[in-house]
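# Here is a sequence together with a model predicted from it:
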Amino acid sequence: MTGSLKITTFVYHPISKNKNCIQENIVYSTLSYKLQKDTISFGSARVDKEDAFNLRNIQNLPCACCGKKMINEKEYAKFKSKDFQGPAAPVLKKLKPYVPYMRSTEKTVYNLLKRAANKDPNADLNTLLKKRYYYHLGRLEIKQLKIINDVASMKLELSPKSQKELDNTLAKVREIIFVEPKETRQKRSRIIKEFETLKKVCEEKQEIDTILKKLQQLPTSKDDVDAFMIKYAQRGNREIGQRLMSPSLPTLDHIIPANKSGHDNFSNLLVMCEKCNSHRGSIPYKEWFESHPEMLKNIQKNMNKVISEINGKRLLNFDNYPQEIKNTLSNVCDYNLDISTLRR
Ligand SMILES: [Zn+2]
């Protein structure tokens, strides 16, 4: 009986591959937000800055979580110095050497922009995104609607009182997705917060947890091309260009999270790409391994590369780092790191 619970959109932008349906000139007269930069914080760990730089500057270091290569500090500085203004085609050509470091969503966006730039040689990055705005918005809203419908279909498992609460929450969430201005920030996290409040007022904790799990599937600009295109259609050329690389930046991940009294020193820090680090948040490693079993071999790959840098005297001051990490991982998640290749 889920059919009777389906929600319809209030504002709907039809999907069409017909180019005539893509607006050529979208005027953002209501844009009033303050432009914030996508900032990647390297400053969260209070460790020696030079040592941290050297660790993150290892060339082709695999992320301890996804195992994909990260861009090192010096390469990133070169990337950042590029001029992102002007027609997109030459800009994208300059970014070509960095494509191997891009994560899958960004690589898809890069290729999509490259094709678009060939057809539209005078357009800059921002214009290319804006021209495709409604096409991607339609696709994004269909994905969001499907998830919200799935949540609505869970209603029958709740008590009448909780059903009412869920209805109120769904109404608020529909408003956030379909009625609020598209450029409003933090929509996804606000939606999740709305549903988290249900946990306080409903008795069916397990069912609400299932709903919250489902909501984690809401597209983000890091894992969904349509969400990327919508979010960054509102940003400048430099921000769009730099965003193609930011998930591939090396960050220091606290094995024991800082907010759970994890120490701010290298014995508690693994180099992880920004995408994986922000995705993990402060989920304990033991739990994180269950949803990311690939990490078991990728931590080893990461450490093998670090050890080869130490052995080759290209990374100084880190002689004790492999043993310290081995001890930490053994303590927090019974992980047995192999550091036998380290020359003493
Ligand atoms: Zn990663």
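On my side now, so go ahead. Computed from a predicted model, the values in this text were never measured in an experiment.

# What residues does the stretch 151-300 of the chain have near the ion?
273, 276 (Cβ under 5 Å from the ion). Bear in mind the C-beta positions are built from the backbone N, C-alpha and C, glycine included.

# the strands in the stretch 151-300 of the chain, which residues?
Under the criterion DSSP state E, counting those that start in this stretch, the stretch 151-300 of the chain contains strands at 250-254, 269-273.

# what's the most buried one of the ones you listed?
strand 269-273 (a mean of 25; mean count of other Cβ atoms under 10 Å).

# Spit out the contact partners of the residue most central in space within the chain.
The residue lying closest to the centre of the chain (Cα atoms, centre = their mean) is K222, at 3.6 Å. Shown in contact with K222 (Cβ atoms under 8 Å, 6 or more residues apart in numbering): 103, 105, 228, 247, 275, 278-279.

# Hmm, E324 is touching L270, no?
No: counting by Cβ atoms under 8 Å, E324 stays clear of L270, with 11.1 Å between them.

# and the contacts of K222 as TSV, adding neighbour count, distance to K146 and pLDDT?
Listed next are the contacts of K222 as TSV, based on neighbours: other Cβ atoms under 10 Å; distance: Cβ to Cβ, whole Å; pLDDT from 0 to 100:
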residue	neighbour count	distance to K146	pLDDT
R103	21	24	97
T105	20	19	97
F228	25	19	96
P247	28	25	96
K275	24	24	95
S278	17	25	92
H279	19	22	90
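
# Number of residues surrounding the residue lying closest to Q217 once chain neighbours are set aside?
Using Cβ to Cβ, 6 or more residues apart in numbering and skipping residues adjacent in sequence, the residue nearest Q217 is I147, 5.6 Å away. Applying other Cβ atoms under 10 Å, we find 17 residues neighbouring I147.

# Mind giving me the packing neighbours of the helix or strand in which I147 is found?
According to DSSP states H and E, I147 maps onto helix 133-152. For helix 133-152, the packing partners by 3 or more Cβ pairs under 8 Å, 6 or more residues apart in numbering; DSSP states H and E come out as helix 160-174, helix 205-215, helix 225-232.

# CA-only coordinates of that helix, as CSV, when you get a sec.
These are the backbone C-alpha positions of helix 133-152, laid out as CSV (Å, rounded to 0.1, in the frame of the first residue of the first chain):
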residue,chain,number,x,y,z
TYR,A,133,21.5,23.7,-14.5
TYR,A,134,17.9,22.6,-15.2
TYR,A,135,18.8,19.4,-16.8
HIS,A,136,20.8,18.3,-13.8
LEU,A,137,18.3,19.8,-11.3
GLY,A,138,15.6,17.6,-12.8
ARG,A,139,17.7,14.5,-12.4
LEU,A,140,18.8,15.4,-8.9
GLU,A,141,15.2,16.0,-7.7
ILE,A,142,14.1,12.7,-9.1
LYS,A,143,16.8,10.9,-7.0
GLN,A,144,15.9,13.0,-3.9
LEU,A,145,12.2,12.3,-4.4
LYS,A,146,12.7,8.6,-4.7
ILE,A,147,14.5,8.5,-1.3
ILE,A,148,11.9,10.7,0.4
ASN,A,149,9.2,8.4,-1.1
ASP,A,150,11.0,5.3,0.3
VAL,A,151,11.0,7.0,3.7
ALA,A,152,7.3,7.8,3.5
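
# tell me which residues in that helix are buried?
Neighbour-count burial for helix 133-152, counted by 16 or more other Cβ atoms under 10 Å, picks out 133-141, 144-145, 147-148, 151-152.

# try stretch 86-95
By neighbour count on 16+ other Cβ under 10 Å, the buried set for stretch 86-95 is 87-89, 91-92, 95.

# Just the ones in helices from these, please.
88-89, 91-92, 95 (DSSP state H).

# Turn the strands of the stretch 151-300 of the chain into TSV, including mean pLDDT.
Shown next, in TSV, are those (pLDDT from 0 to 100):
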stretch	mean pLDDT
strand 250-254	96
strand 269-273	97
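
# Could you dump those strands into TSV and include distance to K286?
Below are these laid out as TSV (distance: least, Cβ to Cβ, whole Å):
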stretch	distance to K286
strand 250-254	15
strand 269-273	15
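
# what are the ranges of the helices in the stretch 1-150 of the chain?
49-56, 73-80, 88-95, 104-119, 125-131, 133-152 (DSSP state H, counting those that start in this stretch).

# With the stretch 201-344 of the chain instead?
205-215, 225-232, 237-243, 274-280, 285-291, 295-311, 321-333.

# Return the distance of the third one from the chain's centre.
By that I understand helix 237-243. 15 Å (Cα atoms, centre = their mean, to the nearest Å).

# how about it: buried residues?
For helix 237-243, a neighbour-count test (16+ other Cβ under 10 Å) marks 237-243 as buried.

# Out of those residues, which two sit at the greatest distance?
Across the buried residues of helix 237-243, the longest distance by Cβ to Cβ is 10.7 Å; it joins N237 and R243.
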